[in-house]
Every structure is written in structure tokens, then in C-alpha cells.
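Student: only geometry, no sequence info:
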């Protein structure tokens, strides 16, 4: 098989295959799905256009999808996040070689330009022969952040309009490139995206951001195909956020600074799932944790868990460590950073880098930025004291450590895989395939429970089974689901 | 004012007023509502028929309702749970005396018979003159478990049928008494409940059990008035269950047994909110905690929180302490109790006493029950070894300790109070009073947040306020609500 | 056998025997010693004068001593601490009855006068016939606080002087009674204590206070016989203080106040072993803990364990709970109590009641003391706010709960028993009986380790055994001791 | 000033000075000593021969010693542990440059040969002119592991004998090199070490190993000068071991494997201070921790802290992670490693690499060692499954992370500095200089307390001061020391 691919250096594949082999051990959910569905091949016929950080864990996801019968093409959803050895390993495949790659076409490498990024985003839809016959192209999307989905929707919109508009002055630079990409496409084939979209049975979306876009499309009646919101599975949101951060936050701080966390005073901004995991990790290292919150319910939870709940301004001068976990913006202002103790450490594990006002910091008169090492900078104020900012205010667990561990991603990606199977097998021409309308769905609770179930064995956890009598007494099925929809876990 | 009342001994009122004064300090939510609404009197005109454990905390609730303008009549929702001094104190009121009671009519005392219980349940609807003019009677119900609500619904049903049926052989003894109560009523006034029901604007319900009954009535189109499900407010379910049990479980075990929890192995059956609180409390005392679970998601949470997850049969012979938290039945069988270590301790903080198979235990050939002290029994097996069972398998935090602390109940009861205000002021003849149809509602999230907000000050927790820009960025209002409905906290 | 005894009511014995039976299960150290030494009877010939709180746990100690062959007479070391049912049960013995007591003479009851207390202290030395032949009298002392030891030493001193001095004006009231007791004795038998002392092989002392007295006697060359300092065994000081308080502090607060500890701010004064246990217990209940310390090493430990370390004056107005654990005095002044929040809770688990300035509090102009219930008092300041003081400032874990659990005391009392065997069998006429000079000793580390060893099985803890090679590598014996003397655990 | 030095590459100095500046902020103890003693110059006249890992933290120590007036020469105590940039920075000094170094002579670089190592060890005593006039040479030693001290003692011994013996067949290779070094010295100057030793006032020793050697010399009456055992200061042993490991163990595992610790079962072999820190760190990450112990007291502590205590053989097949912390040998055998789960992780933070039987593992027939990355190896058993061994069985917190954080080392090194001042100013010709005989001492408790005191401010911890009355009541001085010698903290 000859592969169309574009990665930086396919010779990295051996290191990648090695890491994949170790990651597989920590991703029991995906491996169990290969075991369970390997014979049935529920994704046979599925052609999945995937857009998600091209890491070692994603490699295990991709090869799970192919093990279930799918054909796959892949791009990353972030210009920096590709691990080149993982990309190379996926292209080569478990049994191929650099000379004879037998894996999956991957269009991703570390440090892409924005032009390259959108070229790759389009590339995952360019199945061979798709322009001649759209039914040869992608029929499923697996998305993270919604860029692939957006490309299809915008493509259809502009093809209907017959023209791609010019970028306005207010549009971000990146949008200009999207428009260019689609303008070029329109020139090549004025019905390309319309035909592709018609073939797509659905999308499964990984993140809050992507999910918000989908709900907005649905509200505007503009959604083109069914979508499954993977983000809000319990085994995704509650696990990824809380247990992932509990691991990767101290990992990132330690790698970046080697500063003893014990005895330090740490401010955690936000006590959602990410904040809960952050606070637990820091307390587990002997830090004294102070929480800031805007939501009184979460604030009360923090107090009940034994943390001081304060306003940032009241503690900004006495804490040693400041971690934002909010998803909001301007959580820490430049002026507040200036008021911090000498060598205070500031980092973000929330969402965008605007949680910490990095722009404001850089704009302070007389401030100096000194690189201690990559992703670790000392910002020296004109008064002489300084603070340490991690990962330039971007996600420090990615920038200073390696992000979520494989086991956590196994939960998220088992949801993705199950969602792909669910959508692909319950839409289209299949019998009983009318389960999903053109709307946004979360996975049925029983599938959420299934994801959890697949991860218990690896931890040696033994599940108790309800008797028939007990299940009747509770008004549930022996096999689940066990809880009402509004149950909060 | 002359009061119609029936309590065991009104002379207990001084002790009760003392306790109420201390409890008020620990119920900042209710006290803040008195402060906020004292002038506006939003419950002026409300006549509330209340059925909820007549404890010191409930006394603070009752006097909060009257401080907001309501007239109230009260019964307990359990034959054992009344604290007589609290009942006496409520009857006397803050400014009355035993000779000149100026408080609220209470029909409750410790250790009622079932006949007395249902007499009292009817009594809270017998407002003076109500038989002549139903509009003088109750127009709101505040319920715990749904007995008061059920009495009204059954009364209406039988009045429509023109007759009260006989109890069948399968009906529990208690239902026979309910039927008798209604049969007597039908004889006295064949339209009493029909007329009362027509005046009732709604019910606010405290518990899972009561809420389940309400949803069933709604599904059967038999619900007679709107209902607010207080149980599923976050500040009720997540606080009451988790933080209440974290306190009252070790309290109960310690008072009952004086056994050192440190170093012991404890099995916690169930890792819902109650189980989470139980496990945290026991770990906090140095116990090694093993969790049993039937739900794979909760099981995975337990594993991620560092607990061993096992099946009861695999650890029944090696643990020292067994606590059920499930709401299910037959969680611990008689045979399993027989296999336990000598002097193992068994207790329940779940729901009904059938979580532990007490009937099966009592039926074991040759078993002997020895009372160590009230609510603490040693069950000696014929083989010679024995176990200690707390509170006869009923809720040990109630039986061996004093139940949920006031601060926890302040959260639940602030929800109740707000729900009463919400229903009373947004139904009936008020402008904009069409907010609630005849259905079951949870409180709007913003009111849930308000309950939390009212409890922060007492804990010294300082809430951060969003700027307008931050709120817009998040797509929420500065004043809340802050989270989507499906958010799990 | 006819017993000379004096207890309040011997008919309480059944309840006491019941409690003893349950306590035995929680005192595996003592039960294991009975098993190990039952046949050898190492205490045959020992006549032990015991002075230690006459509780259920002490009953198990006494019956362990007799099971090892000793004859015993017992008094309490505190006028309030006797549990009458335990005393009665010991007098009756496991196989006797109220009519035919077959146990040990006990001279103790709850609420003794000081005269009665010192009468009893003398009584434990009045073995039948001892005045005729001192070798029929006590030859061992088991002491708690040193009163029995002091009585012997003062008796000898005054007999040598030929007269008992008068109490001076500065002497406390209690010392006057001691002098009277000895003056009476001198009149009856001018060589009684001299002869008794000559027979005594040694004393084993339970507490810091008693141990300090012994070291002082040794420094002054006034010690009359060898002494073993049981207090400083690791399995006593580190277990009793830390793990005992971790249990009994929350137990006492909960029983006294029913106040939710979760979310509260608690100040723990002192971070020694007691403070460490207190802080851990409160954090385990979700309190935010602030530590005050005078010792910089302990302060640094508190900080490293994640607690805020502050001065009392800086936090006195914002905390909800104040617990002293220091052994010092005036830790909380009356003025500081006045500055506390309304309904702040104040309690002591340190040593004497002067940790909290109760006298100063009572002397405040206009302060009012209201009894909420026994051992729980509200002190109302003239400004109107009030605080809750537990157990009148005395040890709240004793006054509001039941003191240390049996398992903790099993460690302390196994040390006592082993110390009695050690002293009795390695002094006197025995071969190799020159192990102990007239000095104060701690138990050899290997016996400390033995006490720990005896408690592992009951907790299901499996000890690893060194191989001979491993032991040689470490330079220790396979059987222990394993650590150098200065090891801190 | 012209320096005699030998480091790999002095041009690294800028990076080193940068790191030193950051480390100074995390070493408040050393910086406070510079502040306190900067004017008094108590080490003026001291010429310190230092042998201790040449890291960034040690650089701060060295420059503290010089700030107090000392002249210093330095070697590393381990052939691998030098950080070259730190060495370069020390040589250059804060105000020098690569062209004009103004710092301290350092004889250390990463990856020395054994010959180079012992050359360097001798070099720190070769003060210019010392062979002509020994009083120009070193008069103090600062040692880690005792190699520098041993060199002096052996030198004196062989000079007295007039000859250096040949190495015997049993002697380790390294000893042969020591003998050669001394043989060469004897040829050059037959009284060199005798004269040097006569000038040395004392040694301060960092580690257990070195301390054991010193006690042995003292027992054999062979010690040549007083020694201070820095290792057993509370602020060294209890802090370095417990809080250092709590940080660097998870750091090392995470950097090495990226494996999620949450939900995993971890076996910690040993529950001394290192084991306590390891267990706390793992529990803080959501691992379930099982402890193995040979000492019953430590085992009981582990049980009381809520950990399962088991034998390795009973859990070897079910755990995911195995960490040795014992200081013993053969804690995990090759056969036990073979029985582990596939991909189990094995690491050591105890002492030598023989805690894990690496030799036995390598000798297993058919086993394969695969390098995942440096210091992380997969050992594949012939049966097909494999385990991951970190740092080849050597200290993983050094090999896979960066060892103890600066703040921890600030405690240890403040003890070193104070011990140098103590010995130097209280020996020799000084008035009152007879404080120290030729024996091994621990630092007086008040100096131990001083070290703690110096670290509180940086953590924002506020110490309470005793009043004169309180101090008298406790029988201590207001300024300390506060505890008896046997106090265990």
C-alpha cells in the first residue's frame, strides 16, 4: 500500500513504535475495545477524518479505530502539539517500515505554520478519488476543538453563496488563511465541500470549545450532521480534568522549577474539576492551598474541603505559587503580578493563555523577560524583584510536562471510539439507523459506564454485580445504567 | 393567641429555646433569609402545612418561615425523630411561655404510635374554620418523604370515588391506618380534601423518596399542584450527603463503640456522595478503606481516589468495620455477617434498614442478641464469635449520634425556604404567577447558588466577583448562574 | 476468698464485666501477654501496688497482671476518673459474684474527696500482715503521676526525721492532707514506710509528670528503688499522644457541640505529638487548620505538613475553634477569648486546665457562665457575644468523650506489663538480677518493639522478617532491636 | 587572584551563576547566615577542605562559607554528581569571569574516573605552601560520606607505619587507588598527612555512612580530631529524608515514565522517614499504598496512618509500582521481579543500588534489557512480560529527577555552616575553646532549632514567643532549647 503522507521525518518511527507499545499498556480502555470489537469490525466502511493532537496516545486511538475496521486520515488540531515520532510511527504502522509504510496517512508535524495547519486540515478530507466520487471520501469526523467541522461547514456555506468573502479588518489572521484555503478549493471544485458534507454521518467532538460551537450551530439550525459531545461524558470531563491535572500540574511545576512545593502557599484560581485536581495535588505535596472562586457553590465546596477561600488581591503579596484553572480571562492582572513576592511562580492549567494577562505584563514599563530555560521565564520588574512565569502563560502541564498521562487519555479516547461506533452504526442505511437526528448528543449513560468498566481491570478494581432482586428494588437494569441523568457523581 | 397543640410536655421549652439559639448560629443561611426578607414578608398569606422531623434545626426553619410572614402548622415525618424540647420551644415561641404559648402549633412528640402519626399528619391541614371555608386552610405544603402530599392526593382520590377502599391483605399495616384516617374524614366531610387541595399552590419536597413519588404522580398525570424538588439542589444533595456523613458517621461509631478507628480496615459499600463522605471521614481517622461498588463510574472514582475496590465476599473475613451507604437492599447478608471477624462492627448510613439483612440475621439458628447499650447490640453466633450491629441496622448517624449538624441542615432548609417563597410568590393570583405548571421542578440554579452564597460569610470565605468583561467572555451574567445545567460540581 | 475492698456499688459488676469483655478484644497487646506468659507466671510472687485511673482499660491491665501471677491492690490516680462499674467488675473478678467476690481489692470510686483519695493511696500498701512482716507487703509499684511513689518516699523521709512537718502556708491544700495521712501512719507504726520501701524492687511510671519527679529524685540521690519510665517508650508516647488524640479530639467536640467541623477554621496551639494528632483529625474532617508554635522545629514541621503557622493574636478574631495541646500555661488568655468570634469553641487536650486562662475568664467583669449541658458552658461577655468552653478548660477528650480508646491503651499498658515483668524478674534475688541499679530507665528498645509486634496481628498487618544476610548487612540482629537509640520514628 | 582549578569547562559559568541566583532564593537558611555573620566573619582564618556533591545548592553553601570569612577548596564526593555549570560558577565567583576567575578552587567535573576522583580528594588539602608550612593548609573538613576524612586518617596511619600496604585480593578496586594515591604522597612527603592532620580542628559530616565511620573511629580511639554529626540534626534527617523524598519521588517517576499514579497500587518497602515521605507523596497522587516493614514499631505507624502492611511476596503479583526506601539489601529479588505484573515499575530511593537485586536480574537466563530512554529500562523476561526499572536500581530521585530541592538542602547546609562555625570557633586557641574533645557530637539542640528558625520567614510562618513566666513553667529558656534530648519530633 502506498501512503500519501507528510511528516517531518519518518525515520523517527522506531522510537515512536516503542512509546506506543508502552502507552498501550496504560490505555486499557482502547485495548479492550480492540479485543471486544476486533472480530465484528463495526467501523468497516467508516472513513474517519481525524483532527486531534498527534501524540503517542492519539496513535493508540488511531490504531484502535483501524483495528475496528475504519480507514483513517489524520491531522493535528494544534500547530505545536505533534510528537513527530508518534506521527512517524502511525504512518509506518505496526508492521511496516520507513521504506514500506503500512499505516495511516498523517498530515502533522511539530511547529507547523498556520498555512501548513490548514493545508493539513483540508488534506484529511482529500480521500483518493473523492472529487470524482464523494462516496469514496470521509464519512465520519473525529474532532478536537471543531476546526475540521468548521472547515466543512464554512466550505458548504461559501459554495452555496458561490464565493468566499474577504477577511475583514477585525478578523484574526488565522481566519484569513481559512478563507484562502476555501477560496482555493472553490476554484478547484465548486461543490467539493457540499458533496463531502453530504456523505458525513456525524462528528464526535472532544472539547468544550468544540462542543460550544456545535451547540451554537444546532441552535442556528446550521448543523449539517449529528454530533456526539464526548467532552461531557463523566468518564471524560470528571477524569481528564481532575485526575489528569492532579498528575500533570505538580509534574510541570517540578520539571520547570525544581522548587520544593512543601510548605509553600499556593493560590488556585477556580475550584471546578481542574481546580479540585490542582488543589488536591498541591495539598498532597504539603502546600497550603488558598482557593479563589466566583461561583458560590464551588466556593462552598472548597471551604468544606478545608481550603481557605479568599480574593486574589488579599493574598497576592503573601503566596508563593499562583495557578489558574478557570477557563476565564484576566484572572491574574499584570499589576497583581507586580505585587507578588520575589520569585513567585505563576502558571496556567485552565484554557487559553489570557487567564494570566501576559500581554499586560509584557507591556509594563521597564519589565525585563529573562529565559531561565525554554518555557520558564523570569520577569524582572523595574523595582528589582521578579516572578517566574511558566509556559508563557499557556498550559503548563503541556508546556512544562507532557500533558495528560495515557491512562487518562484512555478514558477520553474510549469515549471517542465508542462514539464513533455509535454514530457510524446507528446512522446511514443501517437498520434502526434513525437513532440520531441532526443534533448534538451526549453518549448514553450506559456507554459512559462501559468506558469506566473497561478501565477497572487494569487497576485491580473488582466490581460488584447487582442481583436481579436488588436491581428491581432500585428500579434499574442489572447491566445499568444505574443513575438518573441529573446525577452528579 | 390561643394555640391548638399536642406535644408531650410543653415545660421542656426552655431547654429547647436554648438549643435553638445555639443552632441559629450554625444556620447562617436561614438567619440571612430572615434578614433579607424580614421586611418584605414574601410569605405573608402563606399557610404552610409542614411535615418534617421535628428537631432543633427544624425549629429554626419553622421560625424562619414565620419570620417571612407565613402561618405554619407542623408534624414530624417520622414517629421517632421528634426532639420534644424543640417541639415545646416552637409551640411556646421566642417570646411566649408555657402558660402563654405564642408560637406554632406542633403535632409531634418522640415515639408516636402509627395512629398518632397519621392523626398528626391530618391535623396540619385542619386550619381553624377550614371546613367552612377552605380558603382559610393550608395553601402550601413543606414535605419530607411525601406523606403529607400523599394524604391530600389519596383524600381527593377517594372523595372522587365516594368511598375509601378496604386495605388488602398485601398492604402494609401502616396503609390500613391511612385508609382509616381518610375513611373517618370522608364521614365527617366528603369534600374536605378536594377543597383543601384546590387551595394548595404547591409543595416543596426534601427527600429522594418523596421526589420519586412526585415524579411518578406527574408521569401518571395525577399531580394536583406544582412541586419543587429540593432534594436535587446541589447545595442539598452534594452537601447533606457528603459533608453531613463525613461528620456524623465517625461521630456515631465513636459514641457507640469507643473503638479506635485508626489502623482498622473499613469496608464502605457504595461510593456515591454518602460513600464519598464516609470514606473520607474514615481515612481521615487513619482507617484503611475498601470500597464496594456496582456502578463502574463510581468504582473508578474510588480507585482514582486511592481506595481499594473489592467485592464484599473477598474481604468480608478480614475487615473490622462495614458501613453501607447505598440506598439498595441486602448489601450485607446474614451469611456474610457470620463470616466476619470476631467483634466486627456493622452499620448503615444509606437509607432503609434492609441494606443490612437484619431479618436474616435474627433468623439464624442459635444466634443471640445482647444489648451492650441502647442502639448497640452484640450478635453472638453459635460458633462463639460475635459482631456489633449499630442502631439495629437503621441509620447509625441518627441512632448513635445526632444526625446532620445544623450547618448542613442550614443548606437544605435554606433551599426549602427559598422554594416556598419561589412557589408561593410565583403561583396563584400574583402578577407573573404563571411560572410553575403542575409539574415537578428543581430550583433554578441561581437560587441554588444563592443558598451557597448565604453560607460563605459564616466560614470566612471571600467570594470573587466577575468583572463585566469576564462575565461576557464566559457568556454568563455577573450575578450568575455560572454553570450549564449539566455541570456536575 | 474474702476481699477487703471499698467501691461505691459492687452491684455494678455485671455491666463492668461486659465492657471488660469488649475491651479485651481491643487490647490485643495485653491479651497476647496473657497468652505468652500465662504458663510461666513471671509475676508469681509479685505484689503490685497500683495507682492509675480505674477504668475499663485498667481493669484489663489489672487482670493481665494477675494472669501473669501477680497479687494486686489498686487505687485510682485521680479523684474523678474511676468508672465504678469497672472497679466493681475488678473486685468481683471474672468468676466471682457480688456475694463472693474473687477479684482484686480496689480502693476507688468516682468523685472521691481528697481525704478519701489519700486514704486509698495508703491502702494499696496495706497488704494483710505487712505491719508484722514487711515482706508480706507490696514489692512493686505501678504508678501514674507518681503519687504512690511520693507517698513511700515522703513516708521514709519523715520516719527518718522522726516527725512529719506541718504544712506551710504556701503548701497546697492537698499537701496538708498528705502530711496528715503520714502523721497518722507515723503514730501507728514509726517504721512502716521504711520497711515497705526496703521491700520494693521498683516502680513503673506511666506519665511525663511522674517521670519528671523520678528524674529529680534520681538527680538528688533520693530515689529509693529502680524505676522504669514507661512514658517514653515509642509505643507509648508516639501512639498514645498522636493516635489517641486523633480519635478522641473530634469525638469530644462532636459529642459536646454537634457543630460541623467541615469548613471551620481551627487553631491548634502546639505541634508536638498531641498537636499533630489534633491537626490531622481536624483536617480529616474538612477544617482549615492553623498551628501556633514556640519551637521552630515543630513550627517548620507544621508548615511542611501544609498548615498555616501563625500567632494567636493574628487569627484570634477569625477562627471558629481553638484547641490547646501544649503542656504549657496561659496559651489562651481571657482577653483573647473576649476577642473571639461569637460562639467560638475553646477546648484543651494538652495537660492542665491552665492552658486556657479559665480563672482570668471567670474574673472578667460582667462575664456570665451558662451551662448548656454538663461540661459544655457558654461564657457570655458583657458586649453580648459569647464563646463555648468545653470541660471547664480541662482535658476535653476525657470530659466530653471517653478518653483514649482501648487499642491505644493496650500499647501503653503492654509497656507497663512488660516493665513490671522486666523489673520484677531482673531485680531481687534472681540470678542475673543486677540489671537495674537505683536509677530511672526506659524500656530496652527490643521490648518497645515487642509491644508494637503484639498489636500488628489484630490489625491484619504482616511483618517482614529480615534474612540473616540482610540483618548482618544492617548490623542488627534478625530479632531486633533495629534502630539506634537516637532514632526518632 | 589566580586560581588553581580543574573543571571540565569554565565557560559554563554564566548558566551556573544564573541557577545559583535562583537557588539562593530557595535557600533562606544560608542567606540568613550570610546576613547574620557577614560582619563578624566567624570563619576568618578557617581553611575548609570540602568534599560534597558539587551541585548548584553546594555552590550556595560554598559561597556562604566564604561570605563568613573562610577560604575553601572543593571536590565532589561522587564521580557522577557534579553539575559542571555549578562548578564553573563557583570557580569564577560572583564577580569574576572566565578570564579572571575570583572564586573558589573546585576539583570536580561530571563523570570522573576513580583515579581523577582520588586525585581531587587529595587536591583539596594541597593548599599552596602547605608542604613547607602545614599551618598554611586546611584546618577544617566538610565531608559527605567520609572520603576526605578517611584519606587524612589513612595518610597518618601509613606515615606512622612508614609504608603503604599493598591492596589485598579482597579489597575493592577503589581501595587500590586510594593506596596508590597515598603511596605517591608518602614518596613525595613522608609527613604530609601527619602535619596536615595536626592542623585540623575538626570535621562536619553530612551522611549516615560518614557518621558511622566516625563513630567507629571514635570507638577504636583512632579519631584524630573532633567531629560533628550533621546527619542527625532533626532539621537534617527529618527534613531531608521525609520532605525531600515527598517531592523528588513523584518527580522522578513522572519524568521517567509519564505513568498516571492515580489509581495505581504502590508498594513502599520501608516506613522510616524516607518511606513516610514516599507513602505520603503517592497517596497524595491517588495511589493505593501498601507498606512492607521489618520493624514492628514502624509497621504499626504505617497501619495507624491507614496503609496496608503486607509482605512483598503476598502482593508482588498485584501491585503496579515498587519503591524501596530501606537502606538494606535484597529488598526485591530477581525472582520477585519476575512475578510482577507486566510493565510494573521498580525503583529505589533508599541508599545503595543493591536494595533491588539488579545483578540477579541481569543474570536471569533469557532476560533482555531495552533502553526506553537514559535511566529508564525495560527488562523483558523470557515469558514475554516485562518490568520497567528506573535509574538502574540506583537512587531514582537523583537519576530520573534532580534530587532534593534547594529548600531542603538549605536546611542540611545551614546545619553544615553552623557546625563549621561551632567547631572552628570553639576549638583551637580561642578562649573557651575546650568545648569539643576528640569525639563525635551532634549539634546542640539550640543550633538545630536555629536552623529551623532561619527557614520560617521564607514560608510566612510566624513563630510564637514564650513569655518569661511560660518558659519558667515549662522549665526552659525563652530562647530555647525547648525539648529534652530524647524528644522524637
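Tutor: Done, it's in. The structure displayed is predicted, hence computed values, not measured ones.

Student: which residues touch stretch A:163-181?
Tutor: A:114-115, A:118-119, A:121-122, A:150-151, A:154, A:158, A:182-183, A:186 (CB atoms under 8 Å, 6 or more residues apart in numbering or on different chains). From N, CA and C alone the C-beta is placed, and that goes for glycine too.

Student: which helix runs longest in chain A?
Tutor: The longest helix of chain A (DSSP state H) is helix A:406-425.

Student: for it, packing partners?
Tutor: helix A:28-37, helix A:56-67, strand A:140-143, strand A:202-205, strand A:227-229, helix A:234-239, helix A:445-456 (3 or more CB pairs under 8 Å, 6 or more residues apart in numbering or on different chains; DSSP states H and E).

Student: and the very next helix or strand once past that helix, what does it pack onto?
Tutor: Going down the chain from helix A:406-425, the next helix or strand is strand A:440-442, by DSSP states H and E. On a contact count with 3+ CB pairs under 8 Å, 6+ apart, strand A:440-442 meets helix A:208-219, strand A:227-229.

Student: which parts of the stretch 1-150 of chain A are strands?
Tutor: With DSSP state E, counting those that start in this stretch, the ranges of strands along the stretch 1-150 of chain A come out as A:47-51, A:71-75, A:106-107, A:140-143.

Student: most tightly packed of the ones you listed?
Tutor: With neighbours taken as mean count of other CB atoms under 10 Å in any protein chain shown, the strands of the stretch 1-150 of chain A reach their highest mean count in strand A:106-107, at a mean of 30.

Student: please see if stretch A:208-227 touches chain B.
Tutor: No: residues of stretch A:208-227 are not located near chain B by CB under 8 Å from any CB of the partner chain, the shortest gap being 8.5 Å.

Student: mind putting the strands of the stretch 1-150 of chain A into JSON lines with distance to residue A:260 and mean pLDDT?
Tutor: As requested, the strands of the stretch 1-150 of chain A are arranged in JSON lines below (distance: least, CB to CB, whole Å; pLDDT from 0 to 100):
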{"stretch": "strand A:47-51", "distance to residue A:260": "40", "mean pLDDT": "98"}
{"stretch": "strand A:71-75", "distance to residue A:260": "41", "mean pLDDT": "97"}
{"stretch": "strand A:106-107", "distance to residue A:260": "41", "mean pLDDT": "96"}
{"stretch": "strand A:140-143", "distance to residue A:260": "41", "mean pLDDT": "98"}
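
Student: returning to what we had before: next, the angle from the longest helix of chain A to helix A:56-67.
Tutor: 30 degrees (axes from the mean of the first three to the mean of the last three CA atoms, to 10 degrees).

Student: give the buried residues for helix A:406-425.
Tutor: Neighbour counts using 16 or more other CB atoms under 10 Å in any protein chain shown place A:406-425 of helix A:406-425 among the buried residues.

Student: show me chain A divided up by domain.
Tutor: Domain segmentation of chain A under automatic domain parsing yields A:10-235+A:404-447, A:242-399.

Student: single out the most deeply packed of those domains.
Tutor: Of these, domain A:242-399 is the most buried (mean count of other CB under 10 Å), at a mean of 22.

Student: is any part of that one close to chain B?
Tutor: Yes: legend: contact between domain A:242-399 and chain B by CB under 8 Å from any CB is shown at A:242-243, A:292-304, A:308-312, A:314, A:327-330.

Student: and the helices in the stretch 101-250 of chain A?
Tutor: Secondary structure of the stretch 101-250 of chain A (DSSP state H, counting those that start in this stretch): helices at A:114-123, A:147-161, A:173-188, A:192-199, A:208-219, A:234-239, A:245-257.

Student: make TSV out of these and add mean pLDDT.
Tutor: Listed next are those as TSV, based on pLDDT from 0 to 100:
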stretch	mean pLDDT
helix A:114-123	96
helix A:147-161	98
helix A:173-188	96
helix A:192-199	96
helix A:208-219	94
helix A:234-239	94
helix A:245-257	98
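
Student: near chain D, which residues of the stretch 251-400 of chain A are found?
Tutor: Counting by CB under 8 Å from any CB, the residues of the stretch 251-400 of chain A near chain D are A:251, A:254-255, A:258-265, A:280-281, A:283-286, A:318, A:342-343, A:372, A:378.

Student: the stretch 1-150 of chain A now?
Tutor: Residues of the stretch 1-150 of chain A lying near chain D (CB under 8 Å from any CB): A:18, A:22, A:25, A:26.

Student: dump the residue contacts of the second one.
Tutor: Translated: residue A:22. Counting by CB under 8 Å, 6+ apart, residue A:22 has contacts D:343, D:372, D:378.

Student: ditto for the third one
Tutor: Applying CB under 8 Å, 6+ apart to residue A:25 gives the contacts D:342, D:343.

Student: cool, thanks, talk later.
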